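Trainee: predicted structure and sequence below. I'll ask about it afterward.
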Amino acid sequence: MRAEDDTVRFLCLLDELDTSRELLKSGFGHLQEIDMGNTFYHLPHLLLASGFERLMKCYIAVVRKGRDGTYPDQAAMKSRGHDLESLLETICTKHYGGTQRPLVQQDLVFIRTDPVLSDCVRILSLFGKMGRYYNLDVVAGAGYGPIDPKGEWEALESRVEDPIPYLGNPERLHRDYYPRVNSALIARMERLVRAIAMQFTLGGHADPGGEIRRFSVVYQEFRNLRGDQCGTVDYRRSVEILRGDADQWIRRSDREIAASGWPSLVVSKAEFGEEWPFRDDRVTVECRDGLFCIVNIGGYDFALNGAARSRFGLPFVHDAGVAVLGKSVGPFIDVAHGLSA
């Protein structure tokens with residue numbers, strides 16, 4: 001094989017890995033936007049199924065190159081199809097190293113035994129193999145049995161978080177239920193991505209040409225995720241767009257808040273506890289007319305409830321990315337109402 005051929009393959013793998021990372025991040029972002037008003041699961045499923053397939057195939061290819069001296073041929077690549085479960089099993093049994101390190105071993109145990117992650121991979125695999133063009137395949141006469149990735153995913157959501165306590169309260173469904181569910185699911189999938197990403201540096205694979213080490217930079221942001229960060233990263237494009245209008249947000253100093261006459265209270269992360277939802281460690285909660293619940297974070301006003309958003313045009317804390325998805329701001333709404341009681 002000519003050296004220039006290997007160079008082309010290396011660059012293509014590098015580009016494919018970069019594509020897989022962006023597909024996964026976009027898929028996580030679109031999954032974070034799922035709620036009772038947006039049930040278009042097809043898009044995040046499409047992005048995540050493709051992203052995981054590309055990541056796993058790229059990883060297997062580069063490990064094979066280091067071990068055997070050659071990349072898998074076209075037949076070997078195609079033989080793996082869109083079966084994420086099979087690809088992950090191949091990685092775990094044949095291409096996973098460095099397990100003498102506790103963190104690497106813990107991640108291997110996790111990705112092989114966590115039932116929620118297993119269901120995520122199974123449903124995305126089902127979607128990748130038969131769900132992407134299911135309707136058109138049926139029209140064309142394919143003999144597929146009934147499949148329903150969307151229904152399977154919704155059933156998984158209900159196993160992760162019981163929706164019954166939230167029914168009849170659209171604001172809580174939007175504010176608490178879907179963010180909690182999506183955070184739990186994404187945390188599992190992020191940990192899977194992290195486990196594969198760490199293999200580029202900690203897997204101890206044969207790497208005579210240094211290719212595996214050079215590939216590792218593509219997934220650096222996932223490789224460096226701490227356990228407590230999984231499920232807290234905001235991938236939504238809508239947050240970036242909203243932050244682009246930050247110059248139009250209402251800004252007030254502590255002195256201006258105190259002079260407003262509305263009851264307010266400063267609350268810190270240290271006094272609240274581990275379920276603290278905000279990205280800043282100190283906020284000021286305010287209530288206007290006993291109805292409009294507002295929080296000032298970093299000098300900017302944000303809405304805690306729908307009434308404040310409608311009346312003053314303030315962005316929701318979660319929509320602006322200043323609160324962690326999956327962490328409820330409900331207790332701070334209660335604090336705000338209590339100020340004018």
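Mentor: Happy to help now that I have it. Residues are numbered from 1 along each chain as shown.
Trainee: switch to C-alpha atoms for all contacts and neighbour counts from now on
Mentor: Will do.
Trainee: so the nearest residue to residue 186 once chain neighbours are set aside: helix, strand or coil?
Mentor: When the adjacent residues along the chain are set aside, residue 186 lies closest to residue 231, with 5.5 Å between them (Cα to Cα, 6 or more residues apart in numbering). Applying DSSP: H, G, I helix; E, B strand; the rest coil to residue 231 yields a three-state assignment of coil.
Trainee: from what I see, residue 231 and residue 181 are in contact.
Mentor: No. Residue 231 lies out of contact with residue 181 (Cα atoms under 8 Å); the separation is 9.8 Å.
Trainee: quick check: neighbours shared by those two?
Mentor: Contact criterion Cα atoms under 8 Å, 6 or more residues apart in numbering; residues shared by residue 231 and residue 181: residue 326.
Trainee: ok so, going back, list phi and psi for the residue nearest to residue 186.
Mentor: Main-chain dihedrals, residue 231, degrees, to the nearest 10: phi 90, psi 0.
Trainee: and for it, the neighbour number?
Mentor: Counted with other Cα atoms under 10 Å, residues neighbouring residue 231 total 24.
Trainee: then the one 3 residues further on?
Mentor: Using other Cα under 10 Å, the number of residues around residue 234 comes to 21.
Trainee: how close does it get to residue 58?
Mentor: 26 Å (Cα to Cα, to the nearest Å).
Trainee: and the strands in the stretch 51-200 of the chain?
Mentor: Taking DSSP state E, counting those that start in this stretch as the criterion, the stretch 51-200 of the chain carries no strands.
Trainee: would you map the helices across the stretch 1-150 of the chain?
Mentor: Here the stretch 1-150 of the chain has its helices, by DSSP state H, counting those that start in this stretch, at 3-32, 42-68, 74-79, 84-94, 102-113, 115-126, 134-139, 149-160.
Trainee: gap between the third one and the chain center?
Mentor: Read that as helix 74-79. Its chain's average C-alpha position is 30 Å from that of helix 74-79, according to Cα atoms, centre = their mean, to the nearest Å.
Trainee: ok, the second one next?
Mentor: In terms of Cα atoms, centre = their mean, the gap separating the centre of helix 42-68 from the centre of its chain is 17 Å.
Trainee: now that helix: buried residues?
Mentor: When burial is assessed from 16 or more other Cα atoms under 10 Å, helix 42-68 yields the following buried residues: 42, 44-66.
Trainee: same deal with stretch 313-323?
Mentor: 314-323.
Trainee: same deal with stretch 240-258?
Mentor: By 16+ other Cα under 10 Å, the buried positions in stretch 240-258 come out as 249, 251, 257.
Trainee: want to try TSV for those residues, with distance to residue 307 as columns?
Mentor: Output for the buried residues of stretch 240-258, formatted as TSV (distance: Cα to Cα, whole Å):
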residue	distance to residue 307
249	17
251	19
257	19
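Trainee: of those residues, which is the nearest to residue 302?
Mentor: The closest of the buried residues of stretch 240-258 to residue 302 turns out to be residue 249 (Cα to Cα; 8.5 Å).
Trainee: quick one, what contacts residue 262?
Mentor: Shown here is residue 262, whose contacts under the criterion Cα under 8 Å, 6+ apart are 286-288.
Trainee: and it, which helix or strand is it part of?
Mentor: Using DSSP states H and E, no element contains residue 262; it sits outside every helix and strand.
Trainee: quick one, phi/psi of it?
Mentor: Note on residue 262: backbone dihedrals following degrees, to the nearest 10 are phi -80, psi 140.
Trainee: what's the distance between it and residue 285?
Mentor: Note on residue 262: its distance to residue 285, by Cα to Cα, is 10 Å.
Trainee: over to residue 70?
Mentor: 61 Å.
Trainee: who's more crowded, these two?
Mentor: When neighbours are counted by other Cα under 10 Å, residue 285 comes out ahead of the other of residue 70 and residue 285, with 25 against 14.
Trainee: over to residue 326. Which of the three states is it?
Mentor: Under the three-state scheme (three-state DSSP), the conformation of residue 326 reads as coil.
Trainee: okay, now it: neighbour count?
Mentor: Around residue 326 sit 22 other residues, with neighbours defined as other Cα under 10 Å.
Trainee: hang on, isn't it packed against residue 185?
Mentor: No. Counting by Cα under 8 Å, residue 326 does not reach residue 185; the two are 10.7 Å apart.
Trainee: which residues do the two both contact?
Mentor: Taking Cα under 8 Å, 6+ apart as the contact criterion, the common neighbours of residue 326 and residue 185 are residue 231.
Trainee: and residue 293, what does it touch?
Mentor: Taking Cα under 8 Å, 6+ apart as the criterion, residue 293 is in contact with 285-287, 303-305, 307-308, 333, 336-337.
Trainee: let's see it at 10 Å
Mentor: With Cα atoms under 10 Å, 6 or more residues apart in numbering as the criterion, the residues that contact residue 293 are 285-287, 302-309, 332-337.
Trainee: could you do residue 206 as well?
Mentor: Taking Cα under 10 Å, 6+ apart as the definition of contact, the neighbours of residue 206 are 63-69, 212.
Trainee: re the thing from before, so who does the residue nearest to residue 186 touch?
Mentor: Contacts here follow Cα under 10 Å, 6+ apart; on that basis residue 231 touches 28, 179-191, 324-326.
Trainee: since that was my last question, I'll sign off now.
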